[in-house]
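*Asks:* Output the structure for:
(one chain, ligands or ions: 2)
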Amino acid sequence: ETRAALAAWEGPGRTADGAGVKVLANVADGESSAHAAEAPVEGVGLFRTELCFLNRKDEPSVEEQAEIYAEVLRPFAGKYVVVRTLDAGSDKPVAFATHEGEENPALGVRGLRLSFDNPELLERQLDGIAAAAESTGTETWVMAPMVATVAEAQAFADQVRSRGLKAGVMVEVPSAALLAHRMLEAVDFLSIGTNDLTQYAMAADRMATDLAHLTDPWQPAVLQLIAITAHAGQQAGKPVGVCGEAAADPLLAVALVGMGITSLSMAAAAVRPVGARLASVTMDVCEEAAEAALSAADPMAARAAVLEVLDRA
Ligand code: PEP
Ligand code: MG
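*Replies:* Residues are numbered from 1 along each chain as shown. Ligands and ions are numbered 1, 2, ... in the order given. Modelled structure (predicted):
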């Protein structure tokens with residue numbers, strides 16, 4: 001993209017022919033939220049709550065949590081924020097929640113699984129989130145990380161909706177992608193975490209730099225899982241977003257939108273490049289790009305195929 005095109009794009013997210021695609025920010029705390037609110041975004045697609053607690057020994061009270069969450073919600077009054085419940089464990093250890101001494105923490109008790117033997121931890125967090133939503137008036141959606149079964153999604157949705165909030169789950173485990181249509185019967189929206197979805201689909205540690213060729217969201221198997229999930233969303237008429245690093249790649253973003261993804265959430269720095277790129281292509285081109293990426297043999301071929309579609313357009 002030229003500097004002029006980047007500077008000119010001021011949102012909202014849409015393709016050249018006017019199809020709306022929500023461009024959202026990933027945030028970690030009040031400070032990053034205030035910063036993100038200066039970008040041309042329609043809201044926050046991923047508030048990683050566990051990042052507020054990485055240096056806390058003890059669990060904050062419901063009241064303290066409510067204040068911490070309100071700081072993140074406040075800059076987005078009139079817009080909306082998707083709050084993710086604690087994704088403690090594995091690469092994000094939280095002292096008061098993470099299970100110690102697991103052989104395989106990435107496959108262990110992390111994310112929503114922490115509530116299996118400690119349901120009150122999640123209940124208190126949801127109380128804090130609901131209080132923050134109430135005090136700020138910001139539209140608040142809540143989603144759970146590391147969901148593997150429809151029963152988990154249903155139980156979580158019941159807990160969230162009983163507090164009057166919209167409920168969703170992240171698609172980070174291949175089982176959730178394969179069952180996206182049934183997940184969508186239980187929840188209001190899905191959000192694909194491509195970092196973990198790639199890790200689990202490819203059985204390759206997302207932190208292992210020597211496996212970078214495998215932990216690549218352009219891998220055909222990962223793209224297939226995303227396409228299955230997006231298609232289920234279209235069938236159900238419910239939003240399916242992407243909030244992993246893949247959403248920050250302008251080239252991949254075009255293909256994701258062509259698959260039927262309805263929102264892209266990313267680091268604030270990626271908002272303009274992605275928004276400007278989307279505004280430069282029609283939905284037809286996005287669909288062509290999706291097809292090209294999905295039929296490619298490997299990540300390099302997929303990138304080349306999408307570039308070719310864009311060059312032709
Ligand atoms: C992901 O897994 O893609 C995601 C968005 O969550 P996190 O990176 O925080 O694990
Ligand atoms: Mg994740």
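*Asks:* wait, Thr15 sits on Glu287?
*Replies:* No - taking contacts as Cβ atoms under 8 Å, Thr15 lies outside contact range of Glu287: 10.3 Å. To be clear about C-beta, it is placed using only N, CA and C from the backbone, and glycine gets the same treatment.
*Asks:* With neighbour numbers in mind, choose between these two.
*Replies:* Thr15 (20 against 17; other Cβ atoms under 10 Å).
*Asks:* What residues does that one make contact with?
*Replies:* Residues counted as contacts of Thr15 (Cβ atoms under 8 Å, 6 or more residues apart in numbering) are 21, 257, 278-279, 281-283, 286.
*Asks:* What subset of the residues you listed is buried?
*Replies:* 21, 257, 278-279, 281, 283, 286 (16 or more other Cβ atoms under 10 Å).
*Asks:* With distance to ligand 1 and pLDDT added, can I get these in JSON lines?
*Replies:* As requested, the buried ones among the contacts of Thr15 are exported to JSON lines (distance: Cβ to the nearest ligand atom, whole Å; pLDDT from 0 to 100):
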{"residue": "Val21", "distance to ligand 1": "18", "pLDDT": "98"}
{"residue": "Val257", "distance to ligand 1": "18", "pLDDT": "98"}
{"residue": "Leu278", "distance to ligand 1": "20", "pLDDT": "97"}
{"residue": "Ala279", "distance to ligand 1": "24", "pLDDT": "96"}
{"residue": "Val281", "distance to ligand 1": "24", "pLDDT": "96"}
{"residue": "Met283", "distance to ligand 1": "25", "pLDDT": "98"}
{"residue": "Cys286", "distance to ligand 1": "21", "pLDDT": "98"}
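*Asks:* Now distance to Gln235 and secondary structure too, for those, in JSON lines please.
*Replies:* Listed next are the buried ones among the contacts of Thr15 as JSON lines, based on distance: Cβ to Cβ, whole Å; DSSP: H, G, I helix; E, B strand; the rest coil:
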{"residue": "Val21", "distance to Gln235": "18", "secondary structure": "coil"}
{"residue": "Val257", "distance to Gln235": "17", "secondary structure": "helix"}
{"residue": "Leu278", "distance to Gln235": "23", "secondary structure": "helix"}
{"residue": "Ala279", "distance to Gln235": "27", "secondary structure": "helix"}
{"residue": "Val281", "distance to Gln235": "24", "secondary structure": "coil"}
{"residue": "Met283", "distance to Gln235": "18", "secondary structure": "helix"}
{"residue": "Cys286", "distance to Gln235": "18", "secondary structure": "helix"}
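*Asks:* ok, and does stretch 146-165 reach over to ligand 1?
*Replies:* No - judged by Cβ under 6 Å from any ligand atom, stretch 146-165 makes no contact with ligand 1; its nearest approach is 8.5 Å.
*Asks:* What residues sit buried inside that stretch?
*Replies:* Here stretch 146-165 shows 146-148, 150, 152-157, 159-160, 163, 165 as buried, counting by 16+ other Cβ under 10 Å.
*Asks:* so Ala293 sits right up against Ala255, yeah?
*Replies:* Yes - at 4.3 Å, Ala293 counts as touching Ala255 under the criterion of Cβ under 8 Å.
*Asks:* overlap in contacts of those two?
*Replies:* 223, 302, 306.
*Asks:* so what pLDDT did the residue positioned nearest the centre of the chain get?
*Replies:* Ranked by distance to the mean C-alpha position of the chain (Cα atoms, centre = their mean), the top residue is Cys243 at 2.5 Å. Per-residue pLDDT puts Cys243 at 98.
*Asks:* Isn't it up against Ile192?
*Replies:* Yes - with contact defined as Cβ under 8 Å, Cys243 reaches Ile192; the gap is 7.0 Å.
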